[in-house]
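Enquirer: Have a look at this prediction, sequence included:
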Amino acid sequence: MTNNFAEVDVKIKQIIESLDLAAGGELAPVDISLDLTIGESSEIYLEDIHNGALKWWLVEYQPEPDASNIEKVQGYLEAVYHLCESGAWIKAREIPFFVPFNSPTGDPLHQLLNTWGYYSDQDSLYQQILDSDKDLPLDLKVIFLNGRGDAKFDMKQDEEAYECYELALSIARKIHNKQQEGMALRGLGKVCWAQKDYKNSIYYFSSHLKLAKEINNTQQIGIALQNIGNVYRCLNQHEKALEYYRNSYEICNTTDDLRGKAKTILSFGKSYSFKSQYDTAILYFCESLEIFRNIEDPIGKREASFLLGSSYQQLGKLKEAKDCYEQSLKITQEPREYEMEANTIFELGWVCFYLEEFKQAAECYKKFLNIANNFLLQLQGDAMSQLGLIFNKLKEFDTSIRYSQDALKWFQKTGHKVGEGYALGNIGVSLRELDKYNDAIEYFKKAIEIDDNLSDVFNKGVILRDLGITYRKMKMYQASIDYLYQSMEILNQYKQRVDYDKEFQETLNELELTKKGAETLPCTLRI
């Protein structure tokens, strides 16, 4: 059974017009009326279920006070769906475009979904209207295609994003819409950048910049300059990148584009971080974090917090790094962005390990392995190896061997020689603590054979120390002292490493123990 949409929705219209759209601080008062009625002559009918659902979502639905962002706007997303299903496409278009929210940036719904990180919901919103509205004007269609490209890109679906941008570019040129043409070029540049095709990326971003200047769109000029800077940063041309960032920053200061300003400041920090100027990077990350907080941008907040933690970590300020990583994880929960979350948990585990908070470090790496089963493949082996190291510290040697053997298989499968050396060393330590000295020495020597063929021999320094400890336990003090001195000589080459002080001091301590042990013997040792 069907009902005439116009007849039934006269009541809906009356109820909606009586609503306080600013109630609860969610919606700003709007000038336009969401007139949901269709003309009397319309032959479009709604199924009862769509009509009832539409009334419920727009009138009855009330999110909880502590609702997530997506729950706060769920009524409008559902309304778009039911309007599309009923054939009321023109009305469906109005909700994502013309319902402004009391957000710091005043963005409409479809842009807020991207800001909040709800890329899948943003994509579905565009898809519903694109699939349902066969008469969608081209000037709107191109906006939806560019927006859908952005959602696909943020979901790391590069091929689908590229297709959306290409189609948007074709339509924009057909209707002579230079602004949307520029947005499509920007999108194509982003995809090329993500795929490390920097030559084409610069071409597309430069084309975007040229168009933005033609139409005097200062906001887009700033975005294009920042994007070109990002490419040069990835090419390790940091001075050139900083020049583009400075120009972008000057542009952003002339507009109300706070998000663009925050992203540019964040990019400054990334460049200084790549140049190992971490103190300067921290200043920029703090400034960008403050802006992201003010505009309630969770994606920006979590990235800035993570990068801030990374810089503190590089400076050896591990407690500050831990605070930043934990703050980033709190932001990550809604919506969940698994790769960022996994990266943060991994780094938090590293920091906890060096703070000697071994149980929390173990929990971090276990959680990382549960999350990162389909991505961050390289780090999965590292997490297993770290768990082997941690359980050695906790004196759970059988558990340590199990994780280290899993890590060894992973590294051998992926051809990761550095990791293979670490895993062999971890197994050697476990065997030594189980008093299996000869087996331990065999694993240590296998690790050294691998490390001898690597440019970074820091791990060799650690393994030589472990050999020294093993020989001390066997009361072979001369061999122990020889290995410990070799260890110190290698470790001294890596004074810039965050973990240098800890590793070198541990070697010194072992040397003192060995010397004391040697003094109990009647023989003369070269010490």
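Expert: All right, it came through fine. Numbering: from 1, shown residues only.

Enquirer: rest of the way, CA atoms for contacts and neighbours
Expert: Fine.

Enquirer: Endpoints of stretch 464-481, how far apart?
Expert: 10 Å (C-alpha to C-alpha, to the nearest Å).

Enquirer: Give me the neighbour count for residue 180.
Expert: Each residue near residue 180 was counted by other C-alpha atoms under 10 Å, and the total is 25.

Enquirer: element containing it, please.
Expert: Assigned by DSSP states H and E, residue 180 belongs to helix 178-194.

Enquirer: what helices or strands is the helix or strand that that helix is followed by leaning on?
Expert: Scanning the chain past helix 178-194 towards its C-terminal end, the next helix or strand to appear is helix 198-214 (assignment: DSSP H and E). Helices and strands in packing contact with helix 198-214 are listed as helix 178-194, helix 218-234; criterion 3 or more C-alpha pairs under 8 Å, 6 or more residues apart in numbering; DSSP states H and E.

Enquirer: could these be laid out in CSV, adding mean pLDDT and distance to residue 133?
Expert: Supplementary listing: these in CSV, determined by pLDDT from 0 to 100; distance: least, C-alpha to C-alpha, whole Å:
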stretch, mean pLDDT, distance to residue 133
helix 178-194, 98, 20
helix 218-234, 96, 29
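
Enquirer: Setting aside sequence neighbours, what's the nearest residue to residue 331?
Expert: Closest residue to residue 331 in three dimensions, ignoring its sequence neighbours and counting by C-alpha to C-alpha, 6 or more residues apart in numbering: residue 302, at 5.8 Å.

Enquirer: closest one to residue 419 among the helices and strands packed on helix 198-214?
Expert: Comparison of the helices and strands packed on helix 198-214 against residue 419 by C-alpha to C-alpha identifies helix 218-234 as nearest, at 25.5 Å.

Enquirer: I figured residue 405 hits residue 427, correct?
Expert: Yes: in this structure, residue 405 is within contact of residue 427 by C-alpha atoms under 8 Å, at 7.4 Å.

Enquirer: any idea how far residue 127 is from the residue most central in space within the chain?
Expert: In the chain, the C-alpha nearest the mean C-alpha coordinate belongs to residue 340, at 3.3 Å (C-alpha atoms, centre = their mean). Counting by C-alpha to C-alpha, the gap from residue 340 to residue 127 is 26 Å.

Enquirer: Low-confidence regions, this protein specifically.
Expert: Flagging of the chain using pLDDT under 70 yields the residue ranges 1-51, 89, 98-102, 332-335, 521-527.

Enquirer: and residue 150, that one's in a strand?
Expert: No: counting by DSSP: H, G, I helix; E, B strand; the rest coil, residue 150 falls outside a strand, being helix.

Enquirer: doesn't residue 185 make contact with it?
Expert: No: contact between residue 150 and residue 185 fails when scored by C-alpha under 8 Å: they sit 11.8 Å apart.

Enquirer: quick one, which of these two is more surrounded?
Expert: Between residue 150 and residue 185, counting by other C-alpha under 10 Å, residue 150 is the more crowded of the two (29 against 26).

Enquirer: Where do the domain boundaries of this protein fall?
Expert: The domain map for the chain lists 1-136, 356-454, 460-527, with the assignment taken from automatic domain parsing.

Enquirer: which one of those domains lies closest to residue 254?
Expert: The closest approach between residue 254 and any of the domains of the chain, judged by C-alpha to C-alpha, belongs to domain 1-136 at 15.7 Å.

Enquirer: which of the residues in stretch 62-70 are buried?
Expert: Under the neighbour-count criterion of 16 or more other C-alpha atoms under 10 Å, stretch 62-70 has 62, 63, 69, 70 buried.

Enquirer: Show only the entries of these found in helices.
Expert: Of the buried residues of stretch 62-70, the ones assigned to helices by DSSP state H are 69, 70.

Enquirer: Pull out the buried residues from the helix or strand containing residue 330.
Expert: Applying DSSP H and E as the criterion places residue 330 in helix 318-332. Applying a neighbour-count criterion of 16+ other C-alpha under 10 Å, one finds 318, 320-329, 331-332 buried in helix 318-332.

Enquirer: Over to stretch 363-374?
Expert: By neighbour count on 16+ other C-alpha under 10 Å, the buried set for stretch 363-374 is 364, 365, 366, 367, 368, 369, 371, 372.

Enquirer: List the residues that contact the last one.
Expert: Neighbouring residues of residue 372 by C-alpha atoms under 8 Å, 6 or more residues apart in numbering: 338, 339, 342, 380.

Enquirer: can we see that at 10 Å?
Expert: Listed by C-alpha atoms under 10 Å, 6 or more residues apart in numbering, the contact partners of residue 372 are 338, 339, 341, 342, 343, 346, 379, 380.

Enquirer: Buried subset of those, written for PyMOL?
Expert: Selecting only the buried entries of these in PyMOL, with 16+ other C-alpha under 10 Å as the criterion:
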select buried, resi 341+342+343+346+379+380
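
Enquirer: Find residues that contact each of residue 150 and residue 185.
Expert: By the contact definition C-alpha under 10 Å, 6+ apart, residue 150 and residue 185 are jointly contacted by residue 165.

Enquirer: Tell me where the stretch 301-450 of the chain has helices.
Expert: According to DSSP state H, counting those that start in this stretch, the stretch 301-450 of the chain carries its helices in the segments 318-332, 338-354, 358-371, 377-393, 397-414, 417-433, 437-451.

Enquirer: what's the longest one packed up against?
Expert: Going back to what we said before, that points to helix 397-414. Packing contacts for helix 397-414, counted by 3 or more C-alpha pairs under 10 Å, 6 or more residues apart in numbering; DSSP states H and E, involve helix 377-393, helix 417-433.

Enquirer: Now do it: distance to the chain's middle.
Expert: From the chain centre to the centre of helix 397-414 is a distance of 27 Å (C-alpha atoms, centre = their mean, to the nearest Å).

Enquirer: Ok, the third one next?
Expert: With C-alpha atoms, centre = their mean as the basis, the distance from the averaged C-alpha position of helix 358-371 to the chain average is 18 Å.

Enquirer: Begin at 75 from now on, thanks
Expert: Noted, 75 is the first residue going forward, which turns the last one into helix 432-445.

Enquirer: So what touches that helix?
Expert: 412-413, 415-429, 450-451, 453-465, 467-468.

Enquirer: Using PDB, list the CA coordinates for stretch 528-536.
Expert: Taking C-alpha atoms only, stretch 528-536 is exported to PDB below (Å, rounded to 0.1, in the frame of the first residue of the first chain):
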ATOM      1  CA  LEU A 528      74.900  -4.700   7.500                       C
ATOM      2  CA  SER A 529      75.800  -1.000   7.400                       C
ATOM      3  CA  ASP A 530      74.200  -0.400  10.800                       C
ATOM      4  CA  VAL A 531      76.000  -2.700  13.300                       C
ATOM      5  CA  PHE A 532      74.400  -1.300  16.500                       C
ATOM      6  CA  ASN A 533      72.800  -4.700  17.200                       C
ATOM      7  CA  LYS A 534      76.300  -6.300  16.800                       C
ATOM      8  CA  GLY A 535      77.400  -4.200  19.700                       C
ATOM      9  CA  VAL A 536      74.500  -5.500  21.800                       C
END
